[in-house]
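Chemist: what follows is a protein structure lacking sequence information:
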C-alpha cells in the first residue's frame with residue numbers, strides 16, 4: 001500500500017469499477033499461474049524496517065518530512081505518523097555475497113540517516129512501539145502529509161461508522177477510544193521478503209504461518225503503550241484493533257478483520273488473492289488505465305495495479321506479494337510478524353532464523369501443517385505476543401512446550417540446516433543463529449529488557465513512569481546504535 005495517491009472524492013461508481021477491475025486482475029493472475037510466467041532463477045530476499053523519530057529527551061519528534069529532506073536518499077520514505085520513517089533495503093540473492101553484506105549495509109544506512117536526523121534535533125529508533133508515545137500524540141494532525149494516509153483514515157472510519165476502541169488486557173490494562181488510525185502508527189515492524197516459485201508458494205506461506213508464534217516469542221519488543229505495561233509484543237494486538245473496520249455487530253456476524261492471520265492452510269498463492277477479493281470491500285478504490293487482459297494477450301506482463309493495491313490494504317501477518325521487476329513477474333512471501341529492532345544485528349539474526357526454518361519446513365516430507373491445526377498456529381501467535389519467551393507453544397511431536405525450549409531443541413537445528421541449503425557462509429550462519437540461541441538461553445528479548453529496565457529505574461530512582469520510559473528510551477537508542485545484541489544489554493541501561 002506504499003504507493004502515493006491523489007486526494008479524490010470516491011463515488012459508488014468508483015467502487016463498482018474497482019471491484020470489476022480487481023476481479024479481472026484475479027482472472028489474469030490465474031492465467032499467468034497456469035502458463036508458468038513467473039521468474040524464479042535464484043531466490044532473492046528483501047528487507048523493510050520501520051523506525052521512530054525521538055527528540056533529545058526521548059519523546060516522539062513529529063518531523064519526518066524534515067528528516068527525510070535532510071537524509072536525501074530514495075531508500076527512505078514516510079510512514080503513517082509524522083514520527084515514523086521506513087527504509088527499504090535493495091533485494092539480493094539469498095546465500096550470495098549480498099547476504100553477508102546485509103548487516104553492514106543496513107548499519108551504514110542507519111548511521112547516515114541518524115546523523116542527518118541530528119541536524120533537526122532528532123534520533124532514529126528501531127523498536128516495536130515507541131515507549132514514550134502519549135495519548136496526546138495521536139490526533140489527526142499527526143498523520144504524515146501524504147494524501148493516501150488521509151484517504152485511508154477517512155475510508156476506515158467511514159466503513160466502521162464509529163470511534164475505534166482499543167482494549168488490551170495486559171499487565172496494566174488499557175482501554176480507550178480513538179477517532180483516527182494514528183494508534184496504528186505506534187506499530188513499527190520489520191518485514192522480511194522471500195521470492196518463491198508459484199509451485200512452492202503455498203508451502204512457504206504455510207511454513208511461515210506455522211512459526212509465527214516462535215518468531216514473536218523470541219523477537220518481542222513492544223511491552224509499553226501510552227504509559228501502560230501490556231503484552232511482551234503489544235504491537236500484534238494493537239495493530240489488529242487499530243485498523244479494524246468492523247463495528248461490534250459485524251464482528252458478531254463473522255466478518256473477517258483486515259488485520260488477519262487467515263483461516264486455513266493454502267495450496268496456492270491464488271487462494272490468498274481470491275480470499276482478498278471475496279471477503280474484503282475496497283478501502284482505496286482507485287483504478288489504473290491498464291487493461292490486464294489486453295496486456296497479457298499482447299505478450300506483455302500486466303502490473304495488476306488494482307489487485308496489488310487491494311492486497312496492500314489487507315494486513316495479513318504473512319502477505320502474498322505480486323510484483324513486476326525488470327519486466328518479469330515474481331511472487332514473494334512478506335513476513336510481517338516481527339517488531340523492529342532492537343539492533344541491526346538482532347534484526348538480521350531474526351531474518352536468518354526465519355529464512356532457515358521456512359526452507360526446511362517447506363521442503364519437509366511430512367509438512368508441519370498436516371499435523372497442526374491452523375487455529376493452533378494462530379493461538380501460538382497470540383500466546384507469544386502476550387508472554388514472549390515465557391509463553392507455552394504447541395508443536396507436533398512435542399505438545400505444549402516452553403517457547404525457548406521449542407526454539408532451542410527443534411527450530412534452531414532446522415535453521416542451521418536451512419541456511420546451509422541456501423548456501424549461507426557457515427561463519428555468518430553460526431554468528432547470527434548464535435544470537436538467537438543466547439537470547440533464548442538468557443531470556444532477554446527487547447521486551448524483557450525494557451520491562452526490567454523501567455522497573456529498575458522506578459524502584460532505584462523513584463522515577464515516574466513517563467520519566468522512567470524516557471530514561472529507558474535514551475539508553476535503548478545508545479545501545480541500539482552500538483549494535484551489541486540485546487541479550488548482552490545491562491538492565492538499567
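Modeler: Received it, and whenever you're ready, just let me know what you need. These figures come from a predicted structure and were not determined experimentally.

Chemist: how about residue 400, phi and psi?
Modeler: In terms of degrees, to the nearest 10, the main-chain angles of residue 400 are phi -80, psi 120.

Chemist: so what does the longest helix seen in the chain touch, helix or strand wise?
Modeler: The single longest helix within the chain, with elements called by DSSP state H, is helix 12-34. Packing partners of helix 12-34 (3 or more CB pairs under 8 Å, 6 or more residues apart in numbering; DSSP states H and E): helix 269-279, helix 292-297, helix 305-311. Yep, even glycine has a C-beta here, placed from its N, CA and C like the rest.

Chemist: and if we set it to 10 Å?
Modeler: Applying 3 or more CB pairs under 10 Å, 6 or more residues apart in numbering; DSSP states H and E, we find helix 12-34 packed against helix 198-210, helix 269-279, helix 292-297, helix 305-311, strand 318-325, strand 328-335.

Chemist: now do the buried residues in that helix.
Modeler: 14, 18, 19, 21, 22, 24, 25, 26, 28, 29, 32, 33 (16 or more other CB atoms under 10 Å).

Chemist: leaving out the residues flanking it, which one is nearest to the fifth one?
Modeler: This points to residue 22. The shortest distance from residue 22 to any residue other than its chain neighbours is 4.8 Å, reached at residue 306 (CB to CB, 6 or more residues apart in numbering).

Chemist: returning to what we had before: mean confidence for the helix or strand following the longest helix of the chain?
Modeler: Read in the C-terminal direction, the helix or strand following helix 12-34 is strand 44-54, with elements assigned using DSSP states H and E. Mean per-residue pLDDT for strand 44-54: 95.

Chemist: try stretch 87-107
Modeler: Stretch 87-107 shows a mean pLDDT of 86.

Chemist: now do the strands in the stretch 301-450 of the chain.
Modeler: For the stretch 301-450 of the chain, strands defined by DSSP state E, counting those that start in this stretch occupy the ranges 315-316, 318-325, 328-335, 392-395, 399-402.

Chemist: which of those strands sits closest to residue 141?
Modeler: strand 315-316 (24.0 Å; CB to CB).

Chemist: reformat the buried residues of helix 12-34 as TSV; add distance to residue 84 and pLDDT.
Modeler: Below are the buried residues of helix 12-34 laid out as TSV (distance: CB to CB, whole Å; pLDDT from 0 to 100):
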residue	distance to residue 84	pLDDT
14	29	80
18	28	89
19	31	92
21	31	94
22	28	95
24	34	95
25	30	96
26	32	97
28	34	96
29	31	96
32	35	94
33	35	94
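
Chemist: looking at this structure, which helix or strand does the model trust least?
Modeler: Of all helical and strand segments in the chain, the minimum by mean pLDDT, DSSP states H and E falls on helix 97-100, at a mean of 69.

Chemist: so the helix or strand that it is followed by versus strand 44-54, what angle?
Modeler: Past helix 97-100, heading to the C-terminal end, the next element that is a helix or strand (DSSP H and E) is helix 102-118. Here helix 102-118 runs at an angle of 30 degrees relative to strand 44-54 (axes from the mean of the first three to the mean of the last three CA atoms, to 10 degrees).

Chemist: would you list the strands that the helix or strand just after helix 102-118 pairs with, along with their directions?
Modeler: Toward the C-terminus, helix 102-118 is succeeded by strand 123-125 as the next helix or strand (DSSP H and E). In the sheet, strand 123-125 lines up against strand 44-54 (antiparallel) (DSSP bridges).

Chemist: pull out the buried residues from the strand it pairs with.
Modeler: In terms of neighbour count (16+ other CB under 10 Å), strand 44-54 has its buried residues at 44, 45, 46, 47, 48, 49, 50, 51, 52, 53, 54.

Chemist: from residue 112, how far out is residue 380?
Modeler: If you measure residue 380 against residue 112 using CB to CB, to the nearest Å, the figure is 38 Å.

Chemist: actually, residue 278.
Modeler: To residue 112, residue 278 is 45 Å away according to CB to CB.

Chemist: out of those two, which sits in the more crowded spot?
Modeler: residue 112 (15 against 10; other CB atoms under 10 Å).

Chemist: so the more buried one sits against residue 67, correct?
Modeler: No: between residue 112 and residue 67 no contact is recorded; they are 11.7 Å apart, counting by CB atoms under 10 Å.

Chemist: overlap of the contact sets of those two?
Modeler: Both residue 112 and residue 67 are in contact with residue 76, where contact means CB atoms under 10 Å, 6 or more residues apart in numbering.

Chemist: rewinding a little: tell me the angle of the longest helix of the chain relative to strand 318-325?
Modeler: 80 degrees.

Chemist: residue ranges with poor pLDDT in the stretch 51-200 of the chain?
Modeler: For the stretch 51-200 of the chain, the stretches with pLDDT under 70 are 96-99.

Chemist: now do the strands in it.
Modeler: With DSSP E, counting those that start in this stretch, the ranges of strands along the stretch 51-200 of the chain come out as 76-78, 84-93, 123-125, 164-168, 174-178, 190-196.

Chemist: check contacts around the residue positioned nearest the centre of the chain.
Modeler: Residue closest to the mean C-alpha point of the chain, counted by CA atoms, centre = their mean, is residue 336 at 2.9 Å. Shown here is residue 336, whose contacts under the criterion CB under 10 Å, 6+ apart are 48, 189-193, 208, 212, 239, 259, 315-319.

Chemist: what segments of the stretch 351-493 of the chain are helices?
Modeler: Remark: helices assigned in the stretch 351-493 of the chain by DSSP state H, counting those that start in this stretch are 374-387, 403-406, 412-422, 426-442, 446-461, 465-482.
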